[in-house]
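J.: just coords:
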């Protein structure tokens with residue numbers, strides 16, 4: 001079945017909106033445990049009951065079934081919380097109960113409080129279990145011919161990848177490690193994933209805002225389904241000379257295609273793109289005047305949904 005642009009947005013930004021359907025939103029929120037940190041008056045993520053139950057009775061954790069909260073306690077600062085969260089994640093991994101932890105990355109993601117302060121670091125693969133906001137960079141690389149035709153570099157993910165194997169991606173994409181700046185992450189990922197020289201990226205890349213959404217993970221993400229994944233992607237554009245050709249530089253990318261806008265749109269409609277990469281591509285099309293109010297009936301809805309205000313603290 002052919003997907004509309006709004007279908008692609010709905011697939012990635014799947015968590016209900018209170019403003020649209022207050023009942024559905026309330027039902028969803030009531031299902032989860034609200035993750036809180038002792039000393040901070042805010043919720044930083046949502047946990048499925050099956051995850052919260054595993055933490056019951058463990059050191060540093062306090063469950064309140066009446067209030068539906070689960071609180072990290074007994075830690076006075078970010079390093080202490082990081083130790084507690086790491087011990088918890090490693091214990092959960094050791095049980096073999098959660099498949100999502102089988103793809104342990106040894107990458108630390110930062111989790112932030114209401115004033116952008118670092119609360120703790122956590123292993124990347126564990127963040128969906130706690131419903132925490134994570135951050136990444138996505139870049140679309142493109143070429144403009146002398147005649148003005150725009151073509152876009154599209155990589156296909158390796159079929160062996162544990163997540164979204166064989167699907168289409170943006171030219172460069174990767175998660176931001178704790179303490180890493182988005183721009184430096186982008187430069188690093190450009191070399192690792194697309195063999196793009198640092199000087200070319202630094203000279204030509206342009207920051208283009210963010211794309212935010214609240215994803216409910218499905219089987220393609222690997223591991224348990226229905227885990228919650230609110231994300232913020234820093235978006236970049238890179239116009240490349242015609243003689244600069246991205247090439248795979250690791251085992252994550254199978255090959256790159258140089259496609260016309262029409263070819264990309266057909267692949268989007270076929271559902272070939274990784275869900276959040278489809279969102280970033282739609283954002284690119286809007287910014288470059290390819291999707292307009294004249295050719296897209298759901299223009300306002302799509303534009304607003306690409307920039308969701310997340311309900312947890314962010315950077």
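T.: Received the coordinates, thanks. What you are looking at is a predicted structure, and each value in this text was computed from that prediction instead of being measured.
J.: apart from its neighbours in sequence, what residue is nearest residue 105?
T.: residue 124 (4.3 Å; CB to CB, 6 or more residues apart in numbering). Using the backbone N, CA and C atoms, a C-beta is placed for each residue, glycine as well.
J.: OK, contacts around that neighbour?
T.: Counting by CB atoms under 8 Å, 6 or more residues apart in numbering, residue 124 touches 105, 107, 108, 109, 134, 175.
J.: what's the closest of the residues you listed to residue 300?
T.: Nearest to residue 300 among those: residue 134, at 27.5 Å, using CB to CB.
J.: give the helix, strand or coil label for the closest residue in space to residue 227 that isn't next to it in sequence.
T.: Nearest non-adjacent residue to residue 227, counting by CB to CB, 6+ apart: residue 128, 4.0 Å away. Under DSSP: H, G, I helix; E, B strand; the rest coil, residue 128 falls in the helix class.
J.: and residue 128, how far from residue 180?
T.: 20 Å (CB to CB, to the nearest Å).
J.: ok, these two, which is more surrounded?
T.: residue 128 (26 against 19; other CB atoms under 10 Å).
J.: which non-adjacent residue is nearest residue 129?
T.: residue 51 (5.2 Å).
J.: past the helix or strand hosting that neighbour, which element shows up next along the chain?
T.: For residue 51, the element it lies in under DSSP states H and E is helix 49-55. Moving toward the C-terminus from helix 49-55, the next helix or strand (DSSP H and E) is strand 61-64.
J.: phi first, then psi, for the residue nearest in space to the middle of the chain.
T.: Centrality entry for the chain: nearest residue to the mean C-alpha point is residue 231, 4.3 Å, by CA atoms, centre = their mean. Note on residue 231: its backbone torsions stand at phi -140, psi 150 [degrees, to the nearest 10].
J.: please report how far it lies from residue 168.
T.: 18 Å.
J.: neighbours of the closest residue to residue 92 other than its chain neighbours, how many?
T.: Using CB to CB, 6+ apart and skipping the chain neighbours, the partner closest in space to residue 92 is residue 98 (5.7 Å). Residue 98 is flanked by 20 other residues according to other CB under 10 Å.
J.: which element is the residue nearest to residue 196 when sequence neighbours are not counted on?
T.: Closest residue to residue 196 apart from its sequence neighbours, by CB to CB, 6+ apart: residue 190 at 4.2 Å. Using DSSP H and E, residue 190 sits in helix 182-194.
J.: fine, thanks again, bye for now.
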